[in-house]
Every structure is written in C-alpha cells, then in structure tokens.
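[1] After the sequence you'll find the predicted model.
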Amino acid sequence: MESPIRKLNMQTSITHHRRTTSLMVSPYSNLDIQGVIHKSKFIVYLASSRNQGKQYALKVFPFKNGQPDSCFTNEARFKWRSHPHIISIFDTQEQREGFHYGQLVTFSSIIMEVAPNG
C-alpha cells in the first residue's frame with residue numbers, strides 16, 4: 001500500500017516565553033515514506049532518511065479538537081528511556097502539518113527504531 005505522504009520536512013521550533021527564538025532543522029528531516037508497517041488506531045509508517053541512510057518507524061497521531069492526542073503525550077514522555085528490551089524513540093514532534101489525500105492536516109509524530117520482528 002502506497003502512502004499519500006511522500007516526504008516529510010520536519011523542523012523543530014524552540015519557543016521561549018511565547019515567541020520563537022530560533023529555528024533548527026531536525027536530524028530526522030527529509031524522511032521518505034516507504035509504506036505502512038502497522039495500521040490500527042494510529043498508523044505506523046516505514047520511513048527512510050536520505051540524510052542518515054537509515055530506516056525508522058514513524059507513528060502518526062492526528063490532532064483531536066485542535067490539540068495533540070493524549071496518546072501521543074503519553075508515549076512521547078518515554079523519549080529519554082533507554083533499555084535494550086524497549087524500542088528507542090529518536091524524535092517527537094508535537095505539532096506538524098502535512099497533506100493527507102490532498103487535505104492539509106495537523107498531527108503529532110514519533111520517530112522510533114524499527115523492530116523488524118514485531
């Protein structure tokens with residue numbers, strides 16, 4: 001199944017006291033979506049990075065009522081955990097925009113390591 005989202009250009013803005021003070025490009029920018037890994041409540045895509053030459057799992061959380069989904073907030077808090085038996089989270093984006101079937105949508109995302117055997 002081919003994804004309607006081809007490339008994701010991700011930028012992280014650093015906000016301080018309600019204004020943006022600087023902008024930097026995420027090391028996980030320019031991801032190419034290769035296909036769907038898992039489809040349930042939230043879709044997980046297989047993505048590859050042209051910058052790093054690696055593959056990642058990209059989990060997408062649509063916004064609810066103009067806010068990040070509470071499931072994203074719950075999962076994103078584990079970004080700093082490191083354990084050999086837990087999937088590593090490399091990056092989180094609380095608010096992003098992209099096109100899905102021609103519609104501009106707002107969503108959150110988590111970029112994590114791929115677990116090829118589940």
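    Nice, I can see it.
[2] Would you map the helices across the protein?
    Taking DSSP state H as the criterion, the chain contains helices spanning 70-76.
[3] I'd like the distance between residue 42 and residue 83.
    To residue 83, residue 42 is 22 Å away according to CB to CB, to the nearest Å. (Each C-beta comes from the backbone N, C-alpha and C, glycine too.)
[4] which one of those two has more residues nearby?
    Set side by side, residue 42 and residue 83 show unequal neighbour counts under other CB atoms under 10 Å, the larger going to residue 42 at 18 against 8.
[5] so the more buried one touches residue 64, yeah?
    No - applying CB atoms under 8 Å, one finds residue 42 not in contact with residue 64, separated by 11.8 Å.
[6] quick one: average pLDDT of stretch 48-67?
    Mean pLDDT, taken over the full extent of stretch 48-67, equals 90.
[7] Run the chain-centre distance for it.
    Computed by CA atoms, centre = their mean, to the nearest Å, the separation of stretch 48-67 from the middle of its chain amounts to 2 Å.
[8] With stretch 56-76 instead?
    For stretch 56-76, the separation from the chain centroid amounts to 9 Å (computed by CA atoms, centre = their mean).
[9] Tell me which residues of it come out buried.
    56-61, 63, 68-69, 72, 75-76 (16 or more other CB atoms under 10 Å).
[10] mind checking the end-to-end distance for that stretch?
    End-to-end distance for stretch 56-76: 16 Å, by CA to CA, to the nearest Å.
[11] coming back round to it: now render the buried residues of stretch 56-76 as JSON lines, adding distance to residue 47.
    Below are the buried residues of stretch 56-76 laid out as JSON lines (distance: CB to CB, whole Å):
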{"residue": "56", "distance to residue 47": "5"}
{"residue": "57", "distance to residue 47": "7"}
{"residue": "58", "distance to residue 47": "4"}
{"residue": "59", "distance to residue 47": "10"}
{"residue": "60", "distance to residue 47": "10"}
{"residue": "61", "distance to residue 47": "15"}
{"residue": "63", "distance to residue 47": "20"}
{"residue": "68", "distance to residue 47": "20"}
{"residue": "69", "distance to residue 47": "20"}
{"residue": "72", "distance to residue 47": "17"}
{"residue": "75", "distance to residue 47": "17"}
{"residue": "76", "distance to residue 47": "17"}
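[12] Please consider this matter closed, and thank you.
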